[in-house]
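Colleague: sequence first, then the predicted structure:
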Amino acid sequence: MEDAFSERIEIVLRREFDEFYELESCQQLSAGASQETWRITFRGRSGESRLALRRCQPKAVSQSGAGAITLEIEAALLRLAVQSGIPGPEVFYVLQPDDQLGSGFIMQWLDGETLGQRINRAPELADIRPQLARQCGELLGRIHRLPWQNTALADQLPSITPAELVDQTWEYYRDINVPVPMIDYTWRWLKDNLPVDSRRTLVHGDFRNGNLMVTAGAGINAVLDWELAHIGDPMRDLGWLCVNSWRFGNSELPVGGFGHLDDLLAGYEGTSGLNVDRQTLRFWQVFGSFWWAMVTLQMAQAWRTGETPSLERPVIGRRSSEAQMDCVSLLIPGDYRLPASDDSTVTGTQLPMPGELLSGVEAFLRETVAKQLDGHSQFLARVAANSLSIAQREFRHGAKIAQEETARLEALLTANDDLDDLRWELVHQLRDSLPLNTQGLAEHLRQTVACQLFLDQPGYSALKNEY
């Protein structure tokens, strides 16, 4: 398979690039849960050159989840952005069916940092970090003024109102057919707090830390991953940039984990000439976490059905509780209780217990296997270790957490049933007319989401306790 891939890439490069002489390597990068990104290195007549290939995952369609545009449209949009002065890579070639490489495009290779954790922590970026929030605001102001109306993109980009977007996102979640009451609660809140008189511009859709390339000298030298672009309310981009999921642990800095809100808004208002309403911004921050809570479940569902085989997708599905906890923090903050964090206590007489077996395999993957691998394989070894870590916590704490959730639901709903049926009953009532201020509802949701997050990712910044 790899030989066939390289052979097909080489045919395209030899035909489309006059400088091409010999293919040296094709390396898949670990970043990107919905699309593949490859680094292509070839020898040209004037020396070594690099290109980037962005393509749809094998066995998947050319869209990557809710609201995604095709990679062909994304390539056209990226070309418009770069031509209009938005920093980014030049698109050289869009893959064709005869290339037998799927949907995608070949673009300029740019050097810079794209990993959110490193953008927030790397010592070499310390001097530029304080400038990034304002740069983001300035870039978004320019993106929202891109002249899409007089191009073919006017007929190709989806257009959607805030109300339609909220309902469409909830419908995607509904079709997954799992009961997640916090998602339904947030949907109800969003419908009650829709923005009034929202503007209509080009929206990047995924402008966040992790989709920006940063260098020590220039700051942001590329805006990447335009696959969720659409025509809608531009405030969605600002809210998404401030979602806690994309702060990479630096929750005290609301803009990507690297900057302050005042700097972001100063950059945006100075470039766009418009004032930002902070309540509207909060709405889109809530929506961003609501949307991500749904998309992570959608990715796991696509894995379960076999549509997108992947080791990473099911683990991403367990990240839904992170986004739900961010909704809790924004809408119903308060106290909750978590299980004891001491995993050394093992309940049961079997030697070893299942959780202990998992612990040994996890340590082997993380401490031995991953360190012997490179690139994407090393990344996947760590993903596998994370999967086992989640399973360990389920073995140790899952039964008690489920028992306590059942008791709370029985009291809240005045009903006796098994846990799944009780969850569905609460979901149905939320979808009907259950008041959001029902006594005990907020407390139950807060406690339930916090405990689920403890199982899925106890180190996530939205949890008050650190493990």
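Modeller: Good, I have the coordinates.

Colleague: ranges for the helices of the stretch 151-300 of the chain?
Modeller: Remark: helices assigned in the stretch 151-300 of the chain by DSSP state H, counting those that start in this stretch are 153-156, 162-176, 181-192, 235-241, 261-272, 278-304.

Colleague: next secondary structure after the helix or strand in which residue 75 is found?
Modeller: Per DSSP states H and E: residue 75 is located in helix 71-83. As assigned by DSSP H and E, the chain's next helix or strand after helix 71-83 is strand 91-94.

Colleague: so for that next one, mean pLDDT?
Modeller: If you average the pLDDT over strand 91-94, you get 96.

Colleague: tell me the gap between that strand and the middle of its chain.
Modeller: 25 Å (CA atoms, centre = their mean, to the nearest Å).

Colleague: which helices and strands sit right next to that strand?
Modeller: helix 2-16, helix 71-83, strand 104-108 (3 or more CB pairs under 8 Å, 6 or more residues apart in numbering; DSSP states H and E). For every residue, glycine as well, the C-beta is placed using N, CA and C.

Colleague: show residues contacting the first one.
Modeller: Counting by CB atoms under 8 Å, 6 or more residues apart in numbering, helix 2-16 makes contact with 20, 23, 26, 40, 42, 51, 53, 92-93, 95, 99-101, 106, all of which sit outside it.

Colleague: can you select the buried ones from these in PyMOL?
Modeller: To isolate the buried ones among the contacts of helix 2-16 in PyMOL, judged by 16 or more other CB atoms under 10 Å, type:
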select buried, resi 20+23+26+40+42+51+53+93+95+99+101+106
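
Colleague: nearest to residue 392 among the contacts of helix 2-16?
Modeller: residue 26 (36.3 Å; CB to CB).

Colleague: in a strand, that closest one, correct?
Modeller: Yes - looking at residue 26 with DSSP: H, G, I helix; E, B strand; the rest coil, it is inside a strand.

Colleague: touching, it and residue 36? I think so.
Modeller: No - using CB atoms under 8 Å, residue 26 is not in contact with residue 36, being 10.8 Å away.

Colleague: which neighbours do these two share?
Modeller: If you check residue 26 and residue 36 against CB under 8 Å, 6+ apart, the residues they both contact are residue 53.

Colleague: for stretch 80-87, which positions count as buried?
Modeller: By neighbour count on 16+ other CB under 10 Å, the buried set for stretch 80-87 is 80-82, 86-87.

Colleague: let me see the ranges of the strands in the protein.
Modeller: For the chain, the strands defined by DSSP state E occupy 20-28, 35-44, 47-56, 91-94, 104-108, 201-203, 212-215, 219-223, 230-232.

Colleague: if we can go back for a sec, now render the helices and strands packed on strand 91-94 as TSV, adding distance to residue 153.
Modeller: Formatted as TSV, the helices and strands packed on strand 91-94 follow (distance: least, CB to CB, whole Å):
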stretch	distance to residue 153
helix 2-16	23
helix 71-83	6
strand 104-108	15
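
Colleague: with mean pLDDT and distance to residue 261 added, can I get these in CSV?
Modeller: Listed next are those as CSV, based on pLDDT from 0 to 100; distance: least, CB to CB, whole Å:
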stretch, mean pLDDT, distance to residue 261
helix 2-16, 90, 44
helix 71-83, 95, 25
strand 104-108, 96, 32
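
Colleague: so which of the ones you listed gets nearest residue 225?
Modeller: Judging the helices and strands packed on strand 91-94 by CB to CB, what sits closest to residue 225 is helix 71-83, at 8.3 Å.

Colleague: where does the chain dip in pLDDT?
Modeller: Within the chain, the ranges that satisfy pLDDT under 70 run 1-2, 30-34, 57-67, 341-347, 465-467.

Colleague: how about the contacts made by residue 103?
Modeller: 55-56, 62, 70-72, 95.

Colleague: next one: it from residue 432, what distance?
Modeller: 41 Å (CB to CB, to the nearest Å).

Colleague: thinking again about what came up before, out of the helices of the stretch 151-300 of the chain, which is the most enclosed?
Modeller: helix 235-241 (a mean of 26; mean count of other CB atoms under 10 Å).

Colleague: chain center to that one: distance?
Modeller: That offset, for helix 235-241, works out to 13 Å (CA atoms, centre = their mean).

Colleague: need the contact partners of that helix.
Modeller: 136-137, 140, 143-144, 162, 165, 195, 198-199, 203-209, 246, 255-256, 264-265, 268, 276-277, 280-288.

Colleague: cutoff 7 Å now
Modeller: Contact with helix 235-241 is made by 136, 140, 195, 198, 203-204, 207-208, 255-256, 264, 268, 276, 280-281, 284-285, 287-288, as judged by CB atoms under 7 Å, 6 or more residues apart in numbering.

Colleague: with stretch 251-268 instead?
Modeller: 116, 119-120, 129, 132-138, 140-141, 208-209, 238, 241-242, 244, 246-250, 276, 461.

Colleague: end to end, how far does it reach?
Modeller: 22 Å (CA to CA, to the nearest Å).

Colleague: cool, and stretch 193-213?
Modeller: 34 Å.

Colleague: give the buried residues for it.
Modeller: 193-195, 198, 201-213.

Colleague: how many neighbours does residue 117 have?
Modeller: By other CB atoms under 10 Å, the residues close to residue 117 number 14.

Colleague: from residue 379, how far out is the closest residue to it other than its chain neighbours?
Modeller: Spatial nearest neighbour of residue 117, excluding adjacent residues (CB to CB, 6 or more residues apart in numbering): residue 248 at 4.8 Å. Using CB to CB, we find residue 248 at a distance of 16 Å from residue 379.

Colleague: quick check, central residue of this structure?
Modeller: residue 292 (6.3 Å; CA atoms, centre = their mean).

Colleague: need the contact list for that one.
Modeller: Neighbours of residue 292 in contact, by CB under 7 Å, 6+ apart: 243, 245, 323.

Colleague: now the residues you listed in a markdown table, with distance to residue 414?
Modeller: Shown next, in a markdown table, are these (distance: CB to CB, whole Å):
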| residue | distance to residue 414 |
| --- | --- |
| 243 | 36 |
| 245 | 36 |
| 323 | 30 |
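
Colleague: can you select the buried ones from those residues in ChimeraX?
Modeller: The ChimeraX command for the buried members of those (criterion: 16+ other CB under 10 Å) is given here:
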select :243,245,323
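
Colleague: residue 314 is in contact with residue 299, isn't it?
Modeller: No - with contact defined as CB atoms under 7 Å, residue 314 does not reach residue 299; the gap is 8.4 Å.

Colleague: which of the contacts of stretch 251-268 are buried?
Modeller: Buried among the contacts of stretch 251-268 by 16+ other CB under 10 Å: 116, 119-120, 129, 132-138, 140-141, 208-209, 238, 241-242, 244, 246-248, 250, 276, 461.

Colleague: ok, residue 409 to residue 441 distance?
Modeller: From residue 409 to residue 441 the distance is 11 Å (CB to CB).
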